[in-house]
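> Provided below for reference: sequence and predicted model.
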Amino acid sequence: MPDTRRISMRKIKDVLRLKLQANLSHERIATALGISKGVVSKYVTLASDAACLDWVRVQSLSETELHQ
């Protein structure tokens with residue numbers, strides 16, 4: 001049975017910080033945050049490809065704004 005726990009917006013913001021600012025690999029981010037590489041990939045893709053967000057923009061967003 002897959003784990004379907006929600007990921008906090010704080011953790012999503014950490015994923016984006018580690019990818020967009022520190023340029024870590026998906027594997028290193030997943031290990032550091034205790035999540036799967038697939039989850040890392042999902043949120044990096046959503047932020048960078050779908051929403052065209054970079055770290056400067058992400059860090060200025062509240063958790064509510066980021067969720068939207």
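Received, thanks.
> contacts and neighbour counts: CA atoms only from here.
Will do.
> show me which residues of the lowest-mean-pLDDT helix or strand in the chain are buried.
When each helix and strand of the chain is scored by mean pLDDT, DSSP states H and E, helix 63-67 comes last, with a mean of 88. For helix 63-67, a neighbour-count test (16 or more other CA atoms under 10 Å) marks Leu66 as buried.
> which residues sit against that helix?
9-10, 58 (CA atoms under 8 Å, 6 or more residues apart in numbering).
> how about the helices in the protein?
9-16, 26-33, 37-45, 55-60, 63-67 (DSSP state H).
> so where's the protein shaky on pLDDT?
1-4 (pLDDT under 70).
> recalculate using a threshold of 50.
Residue ranges of the chain with pLDDT under 50: 1.
> for the closest residue to Leu20 other than its chain neighbours, which residues are in contact?
In space, and not counting its chain neighbours, Leu20 is closest to Trp55: 5.4 Å by CA to CA, 6 or more residues apart in numbering. Trp55 makes contact with 16-17, 20-21, according to CA under 8 Å, 6+ apart.
> looking at the residues you listed, state which has the most neighbours.
Counting neighbours by other CA atoms under 10 Å, Leu16 comes out on top of the contacts of Trp55 with 26 neighbours.
> Ser8 and Leu24, how far apart?
20 Å (CA to CA, to the nearest Å).
> next, count neighbours for Ala32.
12.
> contacts only, for it.
Going by CA under 8 Å, 6+ apart, the list of residues near Ala32 is empty.
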